[in-house]
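> Based on what follows, work out the 3D shape:
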Amino acid sequence: MNYRHLLLLVTLSSTMALIGGCGDSGNTGNASSSESIKSVGVVSSVNSGQSINVNGVTYATGQSEVVNEEDGELDVGMVVTVDGTMDEDANTGEAHNIHYEAEIKGVVIVNDVMGSNSLNVMGQTVLVDDLTMFVSEYPNYATLDSIPINAYVEVSGLMLNDGTLKATRIELESETYMAGMLLKVKGKITDVGDMYFTINDLTVMYNDTTDFINLSKEDLMADICVKVLSTQAFDPNTMNLTADSVQMKHNGVDADHGEKVELYGEVTSDGVIDNVFVLNDQPVMLTDRTHFVHGTMADIVKGAMLQAKGHLDENNVLVAEKIKFQKPHNVIISGIVDAVNAEENYLQVMGAMVYVDENTWLKDHPHNGGEIPNNPDPVAGTNEMFAFGLSDIEAGNFVMVHGAYMQQKQAIEARKLQRKKPDHPAQVHVAGPVTAIDSDNNLLEIAGVKVDISGFTNLTPSLGDRASATGGYDQESMILIPMEMDIEPKE
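Purely as a prediction, here's the structure:
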């Protein structure tokens, strides 16, 4: 895409049809403009007090209308749109409407998670990373790399300019696709032919029975965003799908002129040009009043993850009042919980202090090989949200944490925390920076976890090196006894 052309569109046109991928805010209502906000982001936690966290804000949901187009529960990792009111100082609000819709429901063609960190789902490239939430009720398929070919999955995520989907949540709904299952693909049209069009590597055919919504057959053209639904059989060999319906979708954030908007996503432009960049498929303009958190304008580069908050101008450009960068994560811990202090928002995992906040993705996984004790029930009175928070975790539970080690706090700030069922026998793991060395006692600390290195005489660690250790955990001494270790010198 010619980015100068993009800037011209931003300046001169209120039609954003040629920009990026497909955004979707759902058919939600608006509160009064003076207090309202439309927040598009990832569900980080669902709390037992009938609230939901999106973009670091805790929204009360007792009076909200939930529209889940997939007829399931709202869950961590889903990209949702919240219409409501927000108290910015308190980071709290009230949700009037919550809307969720998956980007893809379809058939896995290729699983290359171990190679390129991606899946091919019906011709769409789905990118995954450490933060991608994976939900599976099948004990034999407990990890992303184990998803079988021809499985039927639901994918939520962020659509990028190049047509790929950055997955925030993947659910394995069936280990085998069967004819008649609902298939869905949202994306940009890449080519148009006689009675067909393509979305990346998927060929979508239509006929006289196909229902066109918000557009006609004559409106089909490259770069417009559509949603395709089908219950007709899909052939993975030909990559052809006959559509039951084709619906035009909106580009960018679907909000009114002047409405306050908060948007989470990935920078898809090549940085900032003339004070404008693109977040997912939404143009964002910086001004001399834009406030930056955890970064500067120089950190707005392609691939950066951040939140932009502001209002839409008359050209549907998000004029940013605040840019908040997502902190990088450099620590992974899979291990046993020593203690929990829900009031102070921290837990201790194998001796390391782990803090959680409103941005931490909190998820319970009751199906990784068996039921987990203390598994909470859905929120009372609704089947729409599954509640799980720090207060549900107990000493002795097994958790996996992705986060960042903060040297000043000598603690980990959790970006993602999952409770899981441990392997038998329990095998623990830590990877992160070397934060302390005790040569006299043959110990070092990796992100605050004490590791016995007496069995690895050839190691010469230095502070700041990146190290990993896998083995068993002695709860009395609070020391990890590794069977495998690796150290990479710091650059």
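> and this protein, what are its domains?
Annotated domains of the chain cover 183-242, 331-488 [automatic domain parsing].
> Do me a favour and average the pLDDT over the last one.
Averaged across domain 331-488, pLDDT comes to 86.
> just how off-centre is it within its chain?
How far domain 331-488 lies from its chain's middle: 21 Å, per Cα atoms, centre = their mean, to the nearest Å.
> ends of it, how far apart?
Distance across domain 331-488, first residue to last, is 14 Å (Cα to Cα, to the nearest Å).
> try stretch 159-178
First residue to last in stretch 159-178 (Cα to Cα) measures 27 Å.
> Name the residues of it that come out as buried.
Applying a neighbour-count criterion of 16 or more other Cβ atoms under 10 Å, one finds 159-161, 163-173, 175, 177 buried in stretch 159-178. All C-beta atoms are positioned from the backbone trio N, CA, C, and that covers glycine.
> next one: stretch 147-159
147, 151-159.
> for this structure, what spans make up the helices?
Using DSSP state H, the helices of the chain run over residues 3-12, 113-116.
> Least reliable of these by average pLDDT, please.
Among the helices of the chain, helix 3-12 scores lowest, at a mean of 39.
> picking that back up, among the domains of the chain, which comes closest to G41?
domain 331-488 (10.0 Å; Cβ to Cβ).
> For A304, see how far away the residue at the greatest distance from the centre of the chain is.
The C-alpha centroid of the chain is most remote from D440, which lies 43.3 Å away (Cα atoms, centre = their mean). From D440 across to A304, the span is 43 Å (Cβ to Cβ, to the nearest Å).
> for stretch 455-463, how far is the first residue from the last?
Using Cα to Cα, the end-to-end distance of stretch 455-463 comes to 20 Å.
> For the residue sitting nearest the centre point of the chain, list the residues it contacts.
In the chain, the residue lying closest to the centroid (Cα atoms, centre = their mean) is T168, at 2.7 Å. Neighbour list for T168: 42, 77-79, 131-133, 156-158 [criterion: Cβ atoms under 8 Å, 6 or more residues apart in numbering].
> Now tabulate those residues in a markdown table and tack on distance to P328.
Shown next, in a markdown table, are those (distance: Cβ to Cβ, whole Å):
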| residue | distance to P328 |
| --- | --- |
| V42 | 17 |
| G77 | 19 |
| M78 | 23 |
| V79 | 21 |
| L131 | 11 |
| T132 | 16 |
| M133 | 19 |
| S156 | 23 |
| G157 | 19 |
| L158 | 18 |
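> between these, which is closest to M350?
So of the contacts of T168, ranked by how close each gets to M350 (Cβ to Cβ), first place is L131, at 21.3 Å.
> And for the closest residue in space to that closest one that isn't next to it in sequence, the neighbour number?
Spatial nearest neighbour of L131, chain neighbours left out: K416 (5.4 Å); criterion: Cβ to Cβ, 6 or more residues apart in numbering. K416 sits with 23 neighbouring residues when counted by other Cβ atoms under 10 Å.
> Quick check: beta-bridge partners of K416?
Taking DSSP bridges as the rule, K416 bridges to W361, H402.
> Using JSON lines, lay out the domains of the chain together with distance to L312.
Converted to JSON lines, these look like this (distance: least, Cβ to Cβ, whole Å):
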{"stretch": "domain 183-242", "distance to L312": "18"}
{"stretch": "domain 331-488", "distance to L312": "24"}
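> To A102, which of these lies closest?
Between these, domain 183-242 lies closest to A102; by Cβ to Cβ that is 6.5 Å.
> what bridges to C225?
In beta-bridge terms (that is, DSSP bridges), C225 pairs with K188.
> so the residue nearest to L131 makes contact with F134?
No. Contact between K416 and F134 fails when scored by Cβ atoms under 8 Å: they sit 11.4 Å apart.
> D486: which of the buried residues of stretch 147-159 is nearest?
For the buried residues of stretch 147-159, the nearest to D486 is I147 (27.0 Å; Cβ to Cβ).
> Skipping adjacent residues, who's closest to that closest one in space?
N111 (5.3 Å).
> number of nearby residues for that neighbour?
18.
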